[in-house]
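Colleague: Fold the stuff below for me.
(one chain, ligands or ions: 1)
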Amino acid sequence: MHTIIIGGGVIGMTTALELRRRGVEVTLIEKGSLGKECSWGNCGLICPSHIYPLAVPGAVTKVMKLMLSKDAPVAMPLRWNPRLWGFLTRFTMRCNAKDAKQAALAKYSLLAKAESSWTEFFADETIDPEFERKGGLFIYRTQKGLDGLRGEAEELTRDFGQHWKMLDEKQLLTLEPGIKPGSSVGAWVCEEDTHLRPDVLMQQLAAALVTRGVKVLDNTEVASLRREAGKIVAVETVNGQSIQGDTFVLATGAWAPKLEETVGARLDIQPGKGYSITMPQPKKGPVLPMIFNEDKVAVTPFKTGYRLGSTMEFAGYDTSFNDKRIGYIVRTAQRYLLEATAEPVQEKWWGWRPMTPDGLPFIGWAPASANLFINSGHNMEGLTLGAISGRLAAQVISGQTAEIDLAPFKVGRKI
Ligand SMILES: Cc1cc2nc3c(=O)[nH]c(=O)nc-3n(C[C@H](O)[C@H](O)[C@H](O)COP(=O)(O)OP(=O)(O)OC[C@H]3O[C@@H](n4cnc5c(N)ncnc54)[C@H](O)[C@@H]3O)c2cc1C
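Modeller: The predicted model follows:
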């Protein structure tokens, strides 16, 4: 069997490697360079703590408030874009307790295997992308904010077996001396969260593809999929190449809707643009990964560097770079940290998160093309879910039974 994978981000590459391990011949097609889009400059958090989707009760009011602040970390378009406004409407309709809980339960089935699937993957491929098990801090500058997470932290401890603990400011400063005294009231810590360095992982995955004998066609953009009698027979590239295969995988992240014509269902995915800045570790910088939860900025100290990241811009496929977003990220980090930055800046970056209204990815066969598998739409957790999503896709495509129920991630589900 020959499988053609479109998209060389974390999802496409893990799917390719898992299929090769099962004896499948694989060709991976990437329009640019492997791993250089959203999977590259993200914050590297493997975060089972992110069980709830963004669409929860009160989310719309919170977003509106954030948008009104001077340095808004969230932005929406004023232009008319029917597809985006439809997406935002469906998102809004899901901001209720019932839908949020249903999505959380589905997401948890993937998140529960996030870390173990990665550590098994690293062992199988003998790679080491600076994986560290240090937990994750959720830091608050107001008591109201800190107390506001209590209900969820208690629920995740009670119902999902996670280990959450609240720290007052003194306990926080003892655990993480990189925090500026007086800048926060305390934090929640989730022991289950871990992290790695995504750009290092991308380079190691790309090398593993070669070692495993995956045929890689980079700088090759797929223009369309050719369907005959309810099956895809080939992909057509923008250069006029036609590449045939037995099964096909769409792992194009935020770009997935652009190739949805043969899917037979809407791939309700919108790019959610985020930014990051990477540099060496500041001398008195933090040692633990953390999120300033009221300001939506994440800080990840890697073994060989340090990254700040944030913001969510819904502006369609807008490729402009807005340096003000980086300014917001740096200023926020400076507010909380003794030493928030270091020279030289190695990279200022943006990427499109593949967002869905219900916060769940699409993992399953396309309704209208029997041999087309979709593995796209991993929202803010594509790095976290990379190994398990690749494994699930490979299990189904190679005829094994998926190790978890994939019904909640069905393509064409009602959102
Ligand atoms: C600032 C920021 C911070 C984040 N932090 C985290 C985090 O801490 N933890 C976490 O789990 N997630 C995080 N994320 C989200 C995570 O980065 C994404 O969910 C994940 O990278 C998506 O992976 P992907 O493979 O689906 O998409 P991508 O990495 O974007 O890969 C898709 C690939 O498909 C290719 N492609 C598209 N169209 C075509 C075509 N027609 N032909 C050929 N190739 C094509 C693209 O070039 C691209 O390489 C963050 C995102 C951002 C922006």
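
Colleague: Near the ligand, which residues of the stretch 1-150 of the chain are found?
Modeller: Applying C-beta under 6 Å from any ligand atom, one finds that the stretch 1-150 of the chain approaches the ligand through 6-12, 29-32, 37-39, 42-45, 47. Heads up, the C-betas are built off the backbone N, CA and C, glycines and all.

Colleague: repeat that with 5 Å
Modeller: Within the stretch 1-150 of the chain, the residues that sit near the ligand (C-beta under 5 Å from any ligand atom) are 7, 9-11, 30-32, 37-39, 42-43, 45.

Colleague: Show me which pair in those is furthest apart.
Modeller: Greatest spacing in those, by C-beta to C-beta: 31 and 45 (26.6 Å).

Colleague: ranges for the helices of this structure?
Modeller: Counting by DSSP state H, the chain has helices at residues 10-21, 59-68, 82-93, 97-111, 114-125, 143-148, 150-160, 169-175, 198-212, 323-336, 386-397.

Colleague: follow-up on the earlier one: quick one: which of the residues of the stretch 1-150 of the chain next to the ligand is nearest to residue 360?
Modeller: residue 11 (14.0 Å).

Colleague: residues near the residue lying closest to that closest one once chain neighbours are set aside, how many?
Modeller: The shortest distance from residue 11 to any non-neighbouring residue, by C-beta to C-beta, 6 or more residues apart in numbering, is to residue 251 (4.5 Å). The burial count assigned to residue 251 is 29, neighbours taken as other C-beta atoms under 10 Å.

Colleague: My understanding was that residue 251 contacts residue 376; is that so?
Modeller: Yes. Using C-beta atoms under 8 Å, residue 251 makes contact with residue 376 at a distance of 6.1 Å.

Colleague: Now do the shared contacts for the two.
Modeller: Common contacts of residue 251 and residue 376, defined by C-beta atoms under 8 Å, 6 or more residues apart in numbering, comprise 7, 11.

Colleague: Tell me how far stretch 229-249 lies from the chain's centre.
Modeller: How far stretch 229-249 lies from its chain's middle: 27 Å, per C-alpha atoms, centre = their mean, to the nearest Å.

Colleague: quick one: it near the ligand?
Modeller: No. Judged by C-beta under 5 Å from any ligand atom, stretch 229-249 stays clear of the ligand, getting no closer than 7.8 Å.

Colleague: Kindly check the end-to-end length of that stretch for me.
Modeller: In terms of C-alpha to C-alpha, to the nearest Å, the two terminal residues of stretch 229-249 are separated by 18 Å.

Colleague: swap in stretch 32-51?
Modeller: End-to-end distance for stretch 32-51: 32 Å, by C-alpha to C-alpha.

Colleague: now that stretch: mean pLDDT?
Modeller: For stretch 32-51, mean pLDDT rounds to 98.

Colleague: What are the buried residues along it?
Modeller: 34-51 (16 or more other C-beta atoms under 10 Å).

Colleague: Stretch 317-324 now?
Modeller: residue 322.

Colleague: ok, back up a step: ok, so of the residues of the stretch 1-150 of the chain next to the ligand, who is nearest the ligand?
Modeller: Closest approach between these and the ligand, by C-beta to the nearest ligand atom: residue 9, at 2.1 Å.

Colleague: Contact partners for that closest one?
Modeller: 35, 37-39, 251-253, 382 are the contacts of residue 9 under C-beta under 8 Å, 6+ apart.

Colleague: out of everything not next to it in sequence, what's closest to it?
Modeller: Counting by C-beta to C-beta, 6+ apart, the nearest residue to residue 9 once its immediate chain neighbours are dropped is residue 39, at 4.1 Å.

Colleague: Correct me if wrong: that neighbour contacts residue 198.
Modeller: Yes. With contact defined as C-beta under 8 Å, residue 39 reaches residue 198; the gap is 6.1 Å.

Colleague: what's the overlap in contacts for those two?
Modeller: Common neighbours of residue 39 and residue 198 (criterion: C-beta under 8 Å, 6+ apart): 10, 383.

Colleague: closest point of the stretch 301-415 of the chain to the ligand, which residue?
Modeller: For the stretch 301-415 of the chain, C-beta to the nearest ligand atom, closest residue to the ligand: residue 382, 2.2 Å.

Colleague: Count the residues that sit near that residue.
Modeller: Neighbour number of residue 382 under other C-beta under 10 Å is 24.

Colleague: cool, the one 3 residues further on as well?
Modeller: When neighbours are defined as other C-beta under 10 Å, residue 385 has 27 of them.

Colleague: what residues are up against residue 54?
Modeller: 91, 355, 359, 379-380.

Colleague: quick check, nearest of those residues to residue 65?
Modeller: Taking C-beta to C-beta as the measure, residue 65 sits nearest to residue 91 out of the contacts of residue 54, at 16.5 Å.

Colleague: And stretch 363-380, how far out from the chain middle?
Modeller: For stretch 363-380, the distance to the chain centre is 16 Å (C-alpha atoms, centre = their mean).

Colleague: Spell out whether it and the ligand are in contact.
Modeller: Yes. Contact of stretch 363-380 with the ligand (C-beta under 5 Å from any ligand atom) involves residue 378.

Colleague: what does stretch 281-291 give?
Modeller: No. Using C-beta under 5 Å from any ligand atom, stretch 281-291 stays clear of the ligand, coming no nearer than 8.4 Å.

Colleague: What are the buried residues along that stretch?
Modeller: Neighbour-count burial for stretch 281-291 flags 281-282, 285-286, 288-291 (criterion: 16+ other C-beta under 10 Å).

Colleague: burial count for residue 399?
Modeller: The local packing of residue 399 (other C-beta under 10 Å) involves 8 other residues.

Colleague: mind pulling up the phi and psi values for it?
Modeller: phi 90, psi 0 (degrees, to the nearest 10).
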